[in-house]
Structure formats: structure tokens, C-alpha cells
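> Sequence unavailable; structure follows:
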């Protein structure tokens with residue numbers, strides 16, 4: 001066997017070995033699970049949009065921007081707190097699964113949104129209490145109660 005032939009075989013073996021190593025690194029580095037802490041924890045979000053039954057609500061959306069400090073939700077480790085319209089306080093616990101995107105919120109007993117006269121606030125509250133999954137990332141987040149109804153939030 002010639003020296004050139006041996007050198008080629010050694011190079012092919014080296015390239016094959018490096019390819020296998022790189023593929024293992026890439027496969028091990030691919031994680032399909034969302035980082036829940038990075039997305040939710042210690043983040044304050046402003047509600048910026050509402051879609052119900054596939055229709056984006058535009059008529060009432062200006063209400064979201066009328067007052068500073070309203071329509072905000074802050075997520076901590078397992079709790080959330082927020083302010084909807086005119087100081088209506090919400091708080092409770094939340095859970096999310098980074099693998100399947102499931103999401104739920106349980107409101108505390110001192111949350112009094114149901115008596116609100118704001119139809120937009122009522123729609124937001126209904127989506128939040130029925131939320132079953134989330135989509136998005138650390139900057140823009142959607143909380144869905146079904147495939148056609150969700151609220152959109154932006155990190156501030």
C-alpha cells in the first residue's frame with residue numbers, strides 16, 4: 001500500500017470521526033423545551049392585544065394605553081400579580097410546561113374583576129382564567145384559552 005493511500009484512509013477516518021463527534025454535540029445541544037424561568041420569571045409584561053374567537057379587538061384597545069400602570073402582569077417563580085384597569089388588582093399562582101406549552105393561572109380570592117364594567121377587562125380576565133397554553137418568547141408572549149382567543153403581552 002502506498003503512503004498516499006494510507007494518508008487518504010487516515011484522513012477519511014479522521015473526518016468521519018469528527019463528523020460523528022460534531023453531530024453528537026449538535027444533537028445533545030438541541031433542546032426542544034422552553035426555558036420557563038427565562039420566559040416568565042421576574043418579568044413584567046404589558047397587555048398589548050386581545051383576540052377573541054379569532055377577531056382582534058381594535059375598538060376597545062385604546063383602553064390598554066389610557067392609563068400608566070394598568071394592564072400589567074409580573075410573573076415571579078410561581079406567583080403573579082398585576083393591575084388591570086383603574087387599579088383592579090390581580091394575583092395568584094401560575095404553572096407552565098416548557099415541553100408541551102401548557103399553561104394555567106389560579107387567581108387569589110381577593111381578585112375582584114368580575115364586577116368590572118369594562119368589557120375589555122372582562123374579556124382579558126376570561127382568557128386569563130381559562131388559559132391553557134402559551135406561545136412566544138422572552139419579549140412577546142401569548143396566553144391562549146383556545147386556538148382562537150388569546151392575549152398578547154410584551155415585556156417592559
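All right, it came through fine. None of these values were measured; they are calculated from a predicted model. Numbering: from 1, shown residues only.
> Which strands or helices does the longest strand along the chain pack on?
In the chain, taking DSSP state E as the definition, the longest strand is strand 43-52. On a contact count with 3 or more Cβ pairs under 8 Å, 6 or more residues apart in numbering; DSSP states H and E, strand 43-52 meets strand 72-75, helix 119-129, strand 149-155. Where C-beta positions appear, they are placed from N, C-alpha and C, glycine not excepted.
> In contact with residue 95, which residues?
78, 102-104 (Cβ atoms under 8 Å, 6 or more residues apart in numbering).
> mind running it again at 10 Å?
Residue 95 makes contacts with 36, 78, 102-106, as judged by Cβ atoms under 10 Å, 6 or more residues apart in numbering.
> Relative to residue 135, which of these is nearest.
residue 103 (9.3 Å; Cβ to Cβ).
> Once you drop chain neighbours, what's closest to that closest one?
Closest residue to residue 103 apart from its sequence neighbours, by Cβ to Cβ, 6 or more residues apart in numbering: residue 134 at 4.2 Å.
> Kindly report the same for residue 43.
Nearest one to residue 43, counting by Cβ to Cβ, 6+ apart, is residue 155 at 5.3 Å.
> Just give me the neighbour total for the one you found.
By other Cβ atoms under 10 Å, the residues close to residue 155 number 15.
> same thing with residue 105?
Residue 105 has 19 neighbours, counted by other Cβ under 10 Å.
> This completes my enquiry, with thanks.
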